[in-house]
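Student: Following is a predicted model, sequence given first.
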Amino acid sequence: MSGISTGHPHCPTRNGKRCTVLSSFVRLQGLGSRVPAVLSVLAAVVALAVGAPRATAAGSLPCDVYAAAGTPCVAAHSLVRALSSSYGGSLYQVKRASDGATADIGLLTAGGYANAAAQDSFCGGTTCIVTKIYDQSSRHNDLTVEGAGGAGAADVGAPADALPVTAGGHQVYGLEISAGMGYRDNSTSGVATGGGAEGMYMVTSGTHVNGSCCFDYGNAETNNQDTGNGHMDAINFGTECWFSPCYGQGPWVQADLENGLFQSDAGYSRNTSNTGTGAMPFVTALLKNNGQDHFALKYGNAQSGGLTTTYSGGEPTTSGYSPMHQEGAIVLGTGGDNSNGSIGSFFEGVMTSGIPTDAADGLVQSNIVSVGYGGPTGSTGSLTAGSEISLRATTACCTADYIRHQNDAAVVSAVTSASSALDRSDATWIVRKGLADGSCWSFESRNYPGDFLRHFDYRLYRQPMTGTAQFRQDATFCAGTGKSGTGTSFASYNYPTRYLRHYDYNVYIASDGGSNAFDSATSWTDDVSWAVTAPWAP
């Protein structure tokens with residue numbers, strides 16, 4: 001079956017409410033000593049080119065760019081897409097809960113995007129976890145579920161359907177890490193050791209983070225233990241401030257060099273303007289280190305623009321970091337000793353041999369932007385999988401009000417074309433097949449990838465998908481004709497006599513009469529009937 005291969009190769013009537021570029025890249029191979037100059041020119045020009053996903057020319061994917069710059073990929077991991085134009089193998093492996101069978105999920109075309117439909121077919125009627133992420137480089141540094149370490153018990157695989165996302169106009173999946181999940185390879189080839197030079201980046205998300213240790217991607221110890229200063233060289237992304245002062249609220253791109261998350265040679269931030277990325281849905285995080293006396297940190301919006309350097313200077317001054325003592329394992333989602341209390345999102349990442357030029361980094365960022373992470377799904381206003389919608393109240397008082405998230409809770413409020421871009425995004429949802437039942441529906445936040453509308457103690461919230469059966473049921477709603485005779489009503493999957501209802505600005509699953517105020521029979525049929533409309537977000 002195409003995409004499943006065995007080869008090697010991701011918002012009563014509210015009681016009390018007042019009712020008022022470049023179009024293509026040149027090939028870089030064969031330019032020899034002219035590569036840095038060409039890269040520099042291309043980086044400056046391409047950084048101006050933003051917008052809808054574009055066709056990607058052969059030779060312009062991240063590992064192609066780095067190879068042409070003389071710093072080839074020694075690891076390339078993604079559930080979303082190929083990271084070199086020639087790659088045609090598998091991206092990741094999933095394991096089915098019903099019978100323990102596994103399948104490799106490949107590409108629609110060589111150098112293209114994941115065949116997520118193959119995953120959907122294989123995992124239909126049950127659930128799957130990701131058990132392996134294939135290395136797309138020639139080194140075969142595949143990541144598997146991490147075993148126990150000095151700071152954490154053995155991890156579990158991430159749910160394969162927790163992070164649906166649009167990339168390149170395709171519906172694919174990223175990897176959503178919750179505490180207790182992680183991946184690793186302790187026996188690698190070509191990865192820097194003992195003070196070797198290397199670079200690395202990952203595309204992650206600023207909306208799914210915490211302050212626990214450690215959401216990392218990069219070089220780690222080979223025995224899952226903390227073996228000392230300088231034995232790690234990995235990108236860290238989260239809100240943990242290891243060395244004070246940190247500025248802003250984060251999350252920050254930091255270097256996990258073992259026994260510290262470093263924003264500079266002093267550990268703490270020397271850059272008062274580095275307040276973190278904020279809640280960007282998609283973030284490029286980058287670290288490079290010559291292993292001897294210099295490292296640099298960068299970040300960018302993975303949807304637009306270029307990279308910002310937050311630090312470029314000497315290694316940490318504490319003993320053990322200059323030179324470095326990397327061991328060459330690769331870790332994803334945890335710290336080097338399997339400190340696994342962190343959460344995070346991973347879409348793609350690579351590691352290189354040697355330090356890439358700034359120009360090459362710029363070209364890679366331009367390519368990432370060209371992917372169109374989180375772009376429009378191509379379908380709007382209908383209850384079909386992948387369609388983007390807004391849900392409008394139909395009660396006479398409230399027909400300008402929509403379900404939106406606000407500080408994690410689901411509320412209803414007026415949204416118009418004059419509303420802020422944030423308000424319009426908060427009121428936009430992507431329709432997904434029901435997480436607990438494919439004949440029903442789940443609603444993913446447009447601007448918080450992997451977060452779904454779910455009920456807890458009868459109230460609705462936006463929360464990240466954890467993969468548990470309870471979450472899946474709480475986030476699944478079955479559609480039927482509106483109880484008022486108009487629009488659509490949505491029954492809770494696990495409380496089928498309770499329907500999505502707006503009451504006093506908030507959203508609940510409510511029965512028609514009951515002990516709770518939000519179960520009031522007054523105007524219940526109108527309040528549980530919703531108009532499925534075109535989305536407010538562009």
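Tutor: That came through fine. Numbers count the residues shown, from 1 in each chain.
Student: in the stretch 101-250 of the chain, which spans are helices?
Tutor: 116-122 (DSSP state H, counting those that start in this stretch).
Student: State whether Ala329 and Ala192 are indeed in contact, as I suppose.
Tutor: No: using CB atoms under 8 Å as the test, Ala329 is too far from Ala192 to be in contact (11.0 Å). Bear in mind the C-beta positions are built from the backbone N, C-alpha and C, glycine included.
Student: Overlap of the contact sets of those two?
Tutor: Asn219 (CB atoms under 8 Å, 6 or more residues apart in numbering).
Student: Next, the buried residues of stretch 315-331.
Tutor: 315-316, 318, 320-322, 324-331 (16 or more other CB atoms under 10 Å).
Student: okay if I get those residues as TSV plus distance to Leu286 and secondary structure?
Tutor: Shown next, in TSV, are the buried residues of stretch 315-331 (distance: CB to CB, whole Å; DSSP: H, G, I helix; E, B strand; the rest coil):
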residue	distance to Leu286	secondary structure
Glu315	17	coil
Pro316	18	coil
Thr318	23	coil
Gly320	23	coil
Tyr321	19	coil
Ser322	21	coil
Met324	17	coil
His325	22	coil
Gln326	17	coil
Glu327	21	coil
Gly328	20	coil
Ala329	20	strand
Ile330	16	strand
Val331	17	strand
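Student: Is it possible to get a markdown table of these that adds distance to Gly250?
Tutor: Output for these, formatted as a markdown table (distance: CB to CB, whole Å):
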| residue | distance to Gly250 |
| --- | --- |
| Glu315 | 23 |
| Pro316 | 20 |
| Thr318 | 23 |
| Gly320 | 26 |
| Tyr321 | 23 |
| Ser322 | 26 |
| Met324 | 25 |
| His325 | 28 |
| Gln326 | 26 |
| Glu327 | 28 |
| Gly328 | 29 |
| Ala329 | 26 |
| Ile330 | 24 |
| Val331 | 21 |
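Student: what's the closest of those residues to Val369?
Tutor: Comparing the buried residues of stretch 315-331 against Val369 with CB to CB places Ile330 closest, at 25.5 Å.
Student: Tell me the bridge partners for the closest one.
Tutor: Asp185, Asn219 (DSSP bridges).
Student: which ones are touching it?
Tutor: By CB under 8 Å, 6+ apart, the neighbours of Ile330 are 75, 141, 143, 184-185, 188, 191, 218-220, 351.
Student: gap between it and His231?
Tutor: Computed as CB to CB, to the nearest Å, the Ile330 to His231 distance reads 14 Å.
Student: likewise Leu163?
Tutor: Counting by CB to CB - Leu163 and His231 are separated by 30 Å.
Student: same thing with Gln254?
Tutor: Taking CB to CB, one finds Gln254 at 16 Å from His231.
Student: more neighbours, the two?
Tutor: Gln254 (32 against 26; other CB atoms under 10 Å).
Student: So that one lies in a strand, does it not?
Tutor: Yes: the assignment for Gln254 (DSSP: H, G, I helix; E, B strand; the rest coil) places it in a strand.
Student: How about the contacts made by it?
Tutor: Gln254 neighbours (CB under 8 Å, 6+ apart): 235-237, 242, 261-263, 297.
Student: got TSV for these, with pLDDT and distance to Ala118 too?
Tutor: Converted to TSV, these look like this (pLDDT from 0 to 100; distance: CB to CB, whole Å):
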residue	pLDDT	distance to Ala118
Ile235	98	30
Asn236	98	33
Phe237	98	29
Trp242	97	41
Leu261	98	38
Phe262	98	41
Gln263	98	41
Leu297	98	37
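Student: buried ones in stretch 397-409?
Tutor: For stretch 397-409, by 16+ other CB under 10 Å, it's 397-398, 401-405.
Student: Same question for stretch 471-481.
Tutor: Using 16+ other CB under 10 Å as the test for burial, stretch 471-481 gives 471-479.
Student: Check what contacts that stretch and list those residues.
Tutor: Outside stretch 471-481, the residues that reach it (CB under 8 Å, 6+ apart) are 127, 383, 434-437, 439-443, 452-456, 463, 465, 488-494, 496, 500.
Student: Distance check, the residue most central in space within the chain against Pro538.
Tutor: Centroid-nearest residue in the chain, with CA atoms, centre = their mean: Ser345, separated by 3.7 Å. According to CB to CB, Ser345 and Pro538 sit 22 Å apart.
Student: same thing with Gln406?
Tutor: In terms of CB to CB, Gln406 sits 20 Å off from Pro538.
Student: Compare the contacts of Ile330 and tell me which is most surrounded.
Tutor: Ala220 (35 neighbours).
Student: what's around Gly228, how many residues?
Tutor: 13.
Student: Quick check: beta-bridge partners of Ser492?
Tutor: Bridge pairing for Ser492 - DSSP bridges - gives Phe477.
Student: What is the burial count for it?
Tutor: A count of nearby residues for Ser492, using other CB under 10 Å, gives 25.
Student: Could you list which residues are in contact with it?
Tutor: 455, 474, 476-477, 498-500, 509.
Student: tell me which of those residues is nearest to Lys288?
Tutor: Nearest member of the contacts of Ser492 to Lys288, counting by CB to CB, is Asp474, at 42.3 Å.
Student: Check the contacts of Gln254 against Ala158 and report the nearest one.
Tutor: Taking the contacts of Gln254 together and measuring to Ala158 by CB to CB, the closest member is Phe237, at 16.1 Å.
Student: circling back to that earlier point, farthest pair within the buried residues of stretch 471-481?
Tutor: Applying CB to CB across the buried residues of stretch 471-481, the maximum distance is between Phe471 and Ala479, 19.7 Å.
Student: so how far is Arg81 from the nearest residue to Ala82 once chain neighbours are set aside?
Tutor: In space, and not counting its chain neighbours, Ala82 is closest to Gly111: 4.8 Å by CB to CB, 6 or more residues apart in numbering. To Arg81, Gly111 is 9 Å away according to CB to CB.
Student: Show me which of those two is the more surrounded one.
Tutor: Just comparing Gly111 and Arg81: by other CB under 10 Å the higher neighbour count belongs to Arg81, 25 against 19.
Student: List the single closest residue to that one in space, sequence neighbours excluded.
Tutor: That would be Tyr113: by CB to CB, 6+ apart, it lies 4.8 Å from Arg81.
Student: In contact with the one you found, which residues are there?
Tutor: The contact partners of Tyr113, taken as CB under 8 Å, 6+ apart, are 80-82, 107, 167-168, 170, 172.
Student: hang on, the earlier thing: and which of the buried residues of stretch 397-409 is nearest Tyr505?
Tutor: Closest to Tyr505 out of the buried residues of stretch 397-409 is Asp401 (8.7 Å), distances taken as CB to CB.
Student: Report the beta-bridge partners for that closest one.
Tutor: Ala414.
Student: Can you check what pLDDT the model gives it?
Tutor: Per-residue confidence (pLDDT) for Asp401: 98.
Student: Shouldn't Asp361 be within a helix?
Tutor: Yes: counting by three-state DSSP, Asp361 falls inside a helix.
Student: how near is it to Phe237?
Tutor: 17 Å.
Student: what about the two, which has more around it?
Tutor: Phe237 (31 against 28).
Student: I'd assumed Leu286 was in contact with the more buried one.
Tutor: No: if you go by CB under 8 Å, Phe237 and Leu286 don't touch, sitting 10.7 Å apart.
Student: list the residues that contact both of the two?
Tutor: By CB under 8 Å, 6+ apart, the residues touching both Phe237 and Leu286 are Val253.
Student: could you check the distance from Met351 over to Gly112?
Tutor: 22 Å.
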